[in-house]
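Colleague: test case, fold it:
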Amino acid sequence: MKGHRLSVVMAHSGIQYSYGRAYALQEEDLLAEFWTTLYDFGYFSRIPFLKGYATRRRHRELRPELVHAFIWPELFHRSLMMLLGENHFTRNKVLGIRNRWFDWHVSKRLKNILHSGFIGFSGGCLRSIKEAKRLGRWALVDQHDIHPRAAEHLLREEIEMDPDFSALTTYWPPDRHHLNQALEELEVADKILVVSTFALKTFQFYGVKDEKLVTLPMAFDPPNEVIRSPEKPDKFRILFVGTISQRKGIRYLLEAVKQLNLSGCELVLLGPIGGDARPLAAYRDFFIHHGFVPSCELEKYWKTSHLLVLPSLYDGFGQVILEAMGHGVPVIVSENTAARDAVRDGTDGFVVPIRDVKALKDRILRLYQNLDLWNEMSRNARIQAQQFTWKKYRERLTKFLYMTFNRDDLKTHERNLPMSKDLS
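Modeller: The predicted structure follows:
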């Protein structure tokens with residue numbers, strides 16, 4: 001691919017799929033530099049109390065010379081969280097400061113990097129987008145979530161409906177400076193990458209022009225073989241993976257499990273508690289909480305679980321859906337996720353409306369009572385997950401970039417992919 005004219009600077013402050021995207025660009029010889037905050041070049045994982053966290057902050061096949069880490073904003077944020085705990089100030093205000101500091105640093109370096117375009121992480125790339133465009137480059141914003149106004153609406157609505165669980169509503173109230181910056185990024189970027197059909201519709205609803213929007217679903221490489229090894233063969237294990245918050249619809253799942261009260265059924269929550277844990281007390285007899293589990297250690301949970309439930313009020317995608325399906329674990333997910341893209345309702349799992357305890361109970365019970373249905377969905381989930389591998393993601397991303405920004409070289413990258421703005 002010598003002589004091509006596309007060369008991309010990517011800046012993400014650490015969300016995990018960004019490493020996969022950087023690697024995809026690297027494999028197509030399109031990555032000029034990848035900027036992030038904390039990145040484990042091999043030494044952070046040697047520190048015992050950082051090992052679990054550091055394993056999430058690297059990609060073993062990314063070439064180190066292409067990765068640049070500006071660590072200070074991350075250390076600032078993490079230090080305050082350790083001192084003050086996880087609360088509205090550290091989760092919203094300090095996170096916004098971290099992202100703007102990182103963005104400022106990247107923007108100052110763009111003029112010294114040979115590149116034709118820039119991809120930045122939503123909420124932390126406004127200065128860099130403006131600088132890239134000042135330099136005559138194209139600029140994309142990676143909107144990993146739904147439209148900020150849609151998120152604000154759903155959270156406000158939830159707090160009004162269920163004030164008892166408001167202490168577990170993360171990112172509320174929203175930081176206005178951060179919100180306004182994210183909205184301005186949508187205005188100034190040339191294109192907006194969204195990760196699901198649901199996310200796309202929220203941007204359309206709030207008036208973003210169709211020609212700016214590109215749907216590029218997330219990816220996961222399923223293992224070649226899945227060997228189930230249940231720790232407790234007499235248990236039907238339901239898994240929830242993610243921040244334990246009302247944004248993720250946690251109360252609706254807890255209420256469904258409590259009302260069902262099934263013999264031999266075990267609900268396991270994996271993830272940090274997003275706020276004040278006191279609302280969970282009413283359900284303490286109906287779940288087991290293991291806290292944050294690094295991605296590299298999730299394998300044992302997939303092997304011993306029967307079902308993933310993700311009843312989110314909203315998730316731009318919900319990559320854990322693909323991880324579960326790739327391991328042969330059927331899913332029950334809300335329609336406000338990547339459900340329309342990744343899950344075939346009734347085939348790989350079930351899609352339910354948000355806030356619908358009755359629907360959750362019904363779908364859990366169907367799989368609990370019917371082993372044949374579970375086995376069929378498990379097989380189908382594995383097959384469906386193959387449609388979202390990183391190889392396919394790389395092909396879609398590359399095709400989009402050449403179609404949009406360098407049509408002269410498109411013929412060298414024909415992939416038999418859909419020729420539309422929806423590359424899923």
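
Colleague: buried set for stretch 157-165?
Modeller: In terms of neighbour count (16 or more other CB atoms under 10 Å), stretch 157-165 has its buried residues at 158, 162, 165. For glycine as for every other residue, the C-beta is placed from the backbone atoms N, C-alpha and C.

Colleague: nearest to residue 184, out of those: which one, please.
Modeller: Among the buried residues of stretch 157-165, residue 158 lies closest to residue 184 (CB to CB), at 26.2 Å.

Colleague: what's next to whichever helix or strand that closest one is part of, contact-wise?
Modeller: Assigned by DSSP states H and E, residue 158 belongs to helix 148-161. With CB atoms under 8 Å, 6 or more residues apart in numbering as the test, helix 148-161 has contacts from 145, 165-166, 169, 171-172, 174, 179, 182-183, 202, 205-206, 246-247, 313-314, 336, 355.

Colleague: of these, buried ones?
Modeller: Using 16+ other CB under 10 Å, the buried members of the contacts of helix 148-161 are 145, 165-166, 169, 171-172, 174, 179, 182, 202, 246-247, 313-314, 336, 355.

Colleague: now, which of those lie within helices?
Modeller: Cross-referencing the buried ones among the contacts of helix 148-161 against helices under DSSP state H gives 179, 182, 202.

Colleague: who are the neighbours in contact with the first one?
Modeller: In this structure, residue 179 makes contact with 148, 152, judged by CB under 8 Å, 6+ apart.

Colleague: for it, give me the pLDDT.
Modeller: Note for residue 179: predicted pLDDT of 90.

Colleague: how much space is there between it and residue 287?
Modeller: As judged by CB to CB, to the nearest Å, residue 179 and residue 287 stand 33 Å apart.

Colleague: ditto for the second one
Modeller: The span separating residue 182 from residue 287 equals 33 Å under the rule CB to CB.

Colleague: swap in the last one?
Modeller: Residue 202 sits 30 Å away from residue 287 when distances are taken as CB to CB.

Colleague: work out for me the element residue 372 sits within.
Modeller: Counting by DSSP H and E, residue 372 is found in helix 371-385.

Colleague: how about residue 240, phi and psi?
Modeller: Taking degrees, to the nearest 10, you get phi -120, psi 130 for the backbone angles of residue 240.

Colleague: for the residue nearest to it when sequence neighbours are not counted, list the residues it contacts.
Modeller: Closest residue in space to residue 240, ignoring its immediate chain neighbours: residue 269 at 4.9 Å, by CB to CB, 6 or more residues apart in numbering. Counting by CB under 8 Å, 6+ apart, residue 269 touches 240, 244, 250, 287, 288, 289, 290.

Colleague: can you list the domains in the protein?
Modeller: Split into domains by automatic domain parsing, the chain comes to 8-220+389-413, 236-387.
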